[in-house]
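Q: predicted structure and sequence below. I'll ask about it afterward.
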There are 4 protein chains.
Amino acid sequence: MIQAGIVGGTGYTGVELLRILALHPEIEIKTVTSRADAGKRVDESYPNLRGCVDALFTEPSVETLAGCDVVFFATPNGTSMRMADSLLARGVRIIDLAADFRLQDPAEWEQWYGEPHACPQLLAEAVYGLPEVNRERIRTARLIGCPGCYPTSVQLGLLPLVENGAVRLDNLVADVKSGVSGAGRKAELALLMSETGESFKAYNVKGHRHLPEIRQGLALAAGQPVGLTFVPHLIPMIRGIHATLYATLQGDCPDLQALYEARYRDEPFVDVLPPGSHPDTRNVRGSNRCQIAIHRPLDEDVVVILSVIDNLVKGAAGQAVQNMNLMFGLEETAGLKAIGLYP
Amino acid sequence: MIQAGIVGGTGYTGVELLRILALHPEIEIKTVTSRADAGKRVDESYPNLRGCVDALFTEPSVETLAGCDVVFFATPNGTSMRMADSLLARGVRIIDLAADFRLQDPAEWEQWYGEPHACPQLLAEAVYGLPEVNRERIRTARLIGCPGCYPTSVQLGLLPLVENGAVRLDNLVADVKSGVSGAGRKAELALLMSETGESFKAYNVKGHRHLPEIRQGLALAAGQPVGLTFVPHLIPMIRGIHATLYATLQGDCPDLQALYEARYRDEPFVDVLPPGSHPDTRNVRGSNRCQIAIHRPLDEDVVVILSVIDNLVKGAAGQAVQNMNLMFGLEETAGLKAIGLYP
Amino acid sequence: MIQAGIVGGTGYTGVELLRILALHPEIEIKTVTSRADAGKRVDESYPNLRGCVDALFTEPSVETLAGCDVVFFATPNGTSMRMADSLLARGVRIIDLAADFRLQDPAEWEQWYGEPHACPQLLAEAVYGLPEVNRERIRTARLIGCPGCYPTSVQLGLLPLVENGAVRLDNLVADVKSGVSGAGRKAELALLMSETGESFKAYNVKGHRHLPEIRQGLALAAGQPVGLTFVPHLIPMIRGIHATLYATLQGDCPDLQALYEARYRDEPFVDVLPPGSHPDTRNVRGSNRCQIAIHRPLDEDVVVILSVIDNLVKGAAGQAVQNMNLMFGLEETAGLKAIGLYP
Amino acid sequence: MIQAGIVGGTGYTGVELLRILALHPEIEIKTVTSRADAGKRVDESYPNLRGCVDALFTEPSVETLAGCDVVFFATPNGTSMRMADSLLARGVRIIDLAADFRLQDPAEWEQWYGEPHACPQLLAEAVYGLPEVNRERIRTARLIGCPGCYPTSVQLGLLPLVENGAVRLDNLVADVKSGVSGAGRKAELALLMSETGESFKAYNVKGHRHLPEIRQGLALAAGQPVGLTFVPHLIPMIRGIHATLYATLQGDCPDLQALYEARYRDEPFVDVLPPGSHPDTRNVRGSNRCQIAIHRPLDEDVVVILSVIDNLVKGAAGQAVQNMNLMFGLEETAGLKAIGLYP
């Protein structure tokens, strides 16, 4: 059994990792850390895990974590970059669910995250953990930076167009909506049910930290910079992301449905829906799947792509486990077979 | 007191009209019709109106309605165009909340609504009931076609840009999200709470009936055709529309905040928020107000406008009453002073 | 115009008071205090009030408040009892929405609220602000302790039975459910949408502070102590309380429907529904009304009463204004005519 | 592999059965019937099942179903009692998720379901499928009547008290709240999101069909009739039942926590929470577990039991699979290990 550690087990991505790993056939959860809750039973905080996770939260330390084969960081941004070097030196592989290893350029990291990167020397080695792009590199990686939730939905939605050159690259629009669990488990007024329930709003329109990550990924796919406007919104629900993506066709328009189906034919977790579909976020709730539909309204020159994921699964913990499966030579879908919880 | 009739009082826009008119200081509700519920007390169907509306549903007939000063049609599309002529001939003024008198071109109506228009001869006289555009014509109109809910939020959000020539007119994007009450009070599987709750989806991406209405309004404002992609979505909540609007600047960029503030300075129901704001739909819930914020992400050349309304008030019944106030020389805000129900 | 002050204007009951008072024909909002937000515009925190409340939050002080005719305390428990004496001495009338003046026995207050009462000498003078019980005493009161939200729904539901001796008094059950706004505007993990949405739970089953208040009110009505079990629950929605009340009939069973209709015939805000009804909380959302239905399942000896209110209106701010109207000789319904916001 | 058939695969319990069985290691889904959707792909109706269920809906017929080892009826009441005899005669075992085989007395069935029972001769053989009561009988049964969702939560909550004689049996109260998926997938106005969202109500207070079932189960446990008042309510959420149960202690009060822990020590799906707990329905969402907490408010003589389940899993499809596992000698938890989906 592979020994896994989780740093920061008290947030929503942490508990989701526990939910997935507890039923994973090849994994043993060795350590779950939480500074705030050290000494407390994990299932006291999360009664859904009673009988499934028999562990106490512990203080995070390199010594304890060094006994793991793999350590997941489900921590705030800026944590893993301070422990990564020591753990790698002990032979531990790292899967970071935070932002520390997503951007390749330390200057860009500093600009968006407000402090210098603590271990820029690792950025070149870190692999961006989107299996649909980097599967082979992931298999041999020691250090994975898992994509953000928004970037996962947007990149999976736009990659076939961008790789193919079918659309203009200077005026992409990503209007993306997320359930409130994406904002994390933080005691903030703005996240109260009385504040977010029965209401809808955009936020961070001036610039959201996931924007440079999306642009980086699309630019790599296109081989050139891309212009993209990204507006995130908060949906009055808990789980799910819906990306509505707009691109302007250029040149001869390929068969878009066929293009997407070909691109994702062998992907276990990307599901191109039949023509005319409108994916519901509920159909991927609790599952690691991304469902995508392609539209060309009125046969005019704007393509509209709809892409949905569960922000905590394919957008975070599930994708992290998918990366782990690849890194350890396991079946890619191991522990990730759950079906979307409808209704 | 002005005598008002409501045709089709059993849908959500009908009951919202009743809620507003019941407290309107100058109005007496004379007749409320419903074929399905004729003979039943209105407040038996809508217990929120107990003690406030003392009326029975009646069969709709020109004879009964002819005694009213004004008749509101809160009916399915295709109803008012079959009764309008007779009522106008009896001196009754008409405010239609359905789509029958929104489009000026009967061919376009037929294309989008699937049947020939029943009284094309009235289309030239009918006034599109958006007071922020047509206030003076509304004052003297006999026949008003109230805007749809989506078109209200989109036009109020884009008009200053389009009128001013500040943006390109060929690639506008309107990504709009609506609470489920916008779909009406119909016994359909897709509208069940188990189907729409805790989920988010786009619909009618191929083409929604509000698209030609939006294009017509913006083209009139611009003096030329506009290219606009419109994608409607369903939010898992009851009331509220949030339009996220994308436009590409061209020429010298004006002070956008000042532009909007000037355009709506005297409008009682359009509220331009301070720079950097993100309007919540909850803040206009139950109110006739539209709140708007203007953004220019990263100071690049795409403008993002956020525009929120309550789809049943400014998007339907409230706007209808605002039109009525204008038509009868009442204070424009009479009966419409309710403040958004937060939280 | 009556000059009103609000102490603690940043919670949900405070902003609801503002919403009601802003449209009240006889009231001018003179002062709104908030230690945390002093100097900030009220409508910056609450954009639904833009254009309706033109005030800044100020530091609370007896000097400023002394210029008011009436001061509302929408504060945490334990605040008003420290300022009441000074304000009364300056001739200001006080309406407390917190718990400081609800219980008559200072020992009981200390037991449930964890500190000695700061001005027990005022408890005898303070009037419990439930107009359906104390209307005449309210008219002349200087100091009102407004009922809690749960106690309002439970007492209005049980009073006719208890006053009439129709039921046993030793085994009453009040199973009551509240929307999350009842928990207030506090940055606590347990109130996040991700924690309370799509879930239902009981809380404080061991004993909730509203229990002694309910027992006190029913004992006064019965002329003897009552035994009542009270279990509060959290509903995944924002506004509304639904009390389900169980009592065992004793003696000859009166016509229960007639009993309730007679008891509340002249009450402007208590609405006894027709036999067989099941009140929805939505029908009183935003209104000051309590709707009640009476059932006797299978004609056995247990009576089931259903009673709904909006916790922020009849359960807090609306009832406070109803008290104010009585204290100042205004029409009892002034400012309180809003109709429930359905759907 | 065991061949399973599902009759009535288009309702919420049907699709939940499919979700569970699709991942069950010992089951092959052989037939899924639906009169309305015959010929249509199952995953066209339920896109969450894409890639997991490769079947078409077929017309229900004894011939097709006769090839199955077990047939689940996820049908409206009154369907299985018309096909059971023929299927049993062909050697097929039957698990009915509807009400046809829950009540032992055909006269009672007729009284509550409005028509004579179609095969009363099978009632004596049918086993009530609550494993916590009838595990041994279930192992050898040919015909199972699965408990209703409300009766599951109420009986699991009250059984230890009733079996033990710790409480009076004449005045039990079950105040139970259910998510809207319990009402099924039916195109009815009352189930629209605009009707049930953000609102709470009781229904069928006069008498709900689950009442005789609950009374029957508790009477069998007690060895005498019980008096119980049952009031169902609708929660504005999709999945989950919360039962709040009230009983009056009599005689010496046992250690209630110990009583429950002993009663359910070996039960894989009943989880007695630590003292002082308040179970959330979210913690069992998507899981087959029942979580229970025991309270004695103020140490008075009323016991309050809180019991939560997922109405579609332990309250329907999961419990049906648990029965199947027992009937076929499989591990009782096979296919039922999913952990509650929090948040």
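A: Yep, that arrived.

Q: relative to D:Ile27, how far out is A:Gly91?
A: To D:Ile27, A:Gly91 is 42 Å away according to CB to CB, to the nearest Å. Quick note: C-beta positions are derived from backbone N, CA and C, even for glycine.

Q: the more surrounded of those two?
A: The residue with more neighbours, out of A:Gly91 and D:Ile27, is D:Ile27; 23 against 10, by other CB atoms under 10 Å in any protein chain shown.

Q: ramachandran coordinates for the residue of the stretch 1-150 of chain A found nearest chain D?
A: For the stretch 1-150 of chain A and chain D, the shortest gap (CB to the nearest CB) falls at A:Asn48, measuring 3.6 Å. A:Asn48 has phi and psi values of phi -70, psi -20 when expressed as degrees, to the nearest 10.

Q: and the residue lying closest to it once chain neighbours are set aside, what does it touch?
A: Distance criterion CB to CB, 6 or more residues apart in numbering or on different chains; nearest residue to A:Asn48, sequence neighbours excluded, is D:Gly340 at 3.6 Å. Counting by CB atoms under 8 Å, 6 or more residues apart in numbering or on different chains, D:Gly340 touches A:Asn48, D:Arg282, D:Asn283, D:Val284, D:Arg285, D:Gly286, D:Ser287, D:Arg289, D:Asp310.

Q: dump these to CSV, plus secondary structure, neighbour count and pLDDT.
A: Below are the contacts of D:Gly340 laid out as CSV (DSSP: H, G, I helix; E, B strand; the rest coil; neighbours: other CB atoms under 10 Å in any protein chain shown; pLDDT from 0 to 100):
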residue, secondary structure, neighbour count, pLDDT
A:Asn48, helix, 25, 98
D:Arg282, helix, 28, 98
D:Asn283, helix, 27, 98
D:Val284, helix, 32, 98
D:Arg285, coil, 29, 98
D:Gly286, coil, 25, 98
D:Ser287, coil, 24, 98
D:Arg289, coil, 29, 98
D:Asp310, coil, 32, 98
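
Q: which two among those residues are spaced furthest apart?
A: Greatest spacing in the contacts of D:Gly340, by CB to CB: D:Arg282 and D:Arg289 (12.1 Å).

Q: tally of neighbours for A:Leu122?
A: Residues near A:Leu122, counting by other CB under 10 Å, number 20.

Q: that one contacts A:Arg82, doesn't it?
A: No. Look at A:Leu122 against A:Arg82 with CB atoms under 8 Å: they stay out of range, at 11.3 Å.

Q: just the CA coordinates of whichever helix or strand A:Tyr260 is part of, formatted as CSV?
A: Element membership for A:Tyr260 (DSSP states H and E) is helix A:256-263. Taking C-alpha atoms only, helix A:256-263 is exported to CSV below (Å, rounded to 0.1, in the frame of the first residue of the first chain):
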residue,chain,number,x,y,z
LEU,A,256,-16.2,21.1,-34.0
GLN,A,257,-18.0,18.2,-32.5
ALA,A,258,-15.6,15.7,-34.2
LEU,A,259,-12.6,17.8,-33.2
TYR,A,260,-13.6,17.6,-29.5
GLU,A,261,-14.5,13.9,-29.7
ALA,A,262,-11.1,13.1,-31.3
ARG,A,263,-9.1,15.2,-28.8
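
Q: get me the contact residues on the stretch 201-343 of chain A for chain C.
A: Residues of the stretch 201-343 of chain A that fall close to chain C, judged by CB under 8 Å from any CB of the partner chain: A:Pro236, A:Met237, A:Ile238.

Q: contacts with chain B among these, please.
A: With the criterion set as CB under 8 Å from any CB, the members of these near chain B are A:Pro236, A:Met237, A:Ile238.

Q: which among those count as buried?
A: A:Pro236, A:Met237, A:Ile238 (16 or more other CB atoms under 10 Å in any protein chain shown).

Q: which one of the residues you listed sits closest to B:Thr244?
A: A:Pro236 (15.9 Å).

Q: what's the closest one in contact with, if anything?
A: By CB under 8 Å, 6+ apart, A:Pro236 lies in contact with A:Val180, A:Thr196, A:Gly197, A:Glu198, A:Ser199, A:Phe200, B:Ile235, B:Pro236, B:Met237, C:Met193, C:Gly197.
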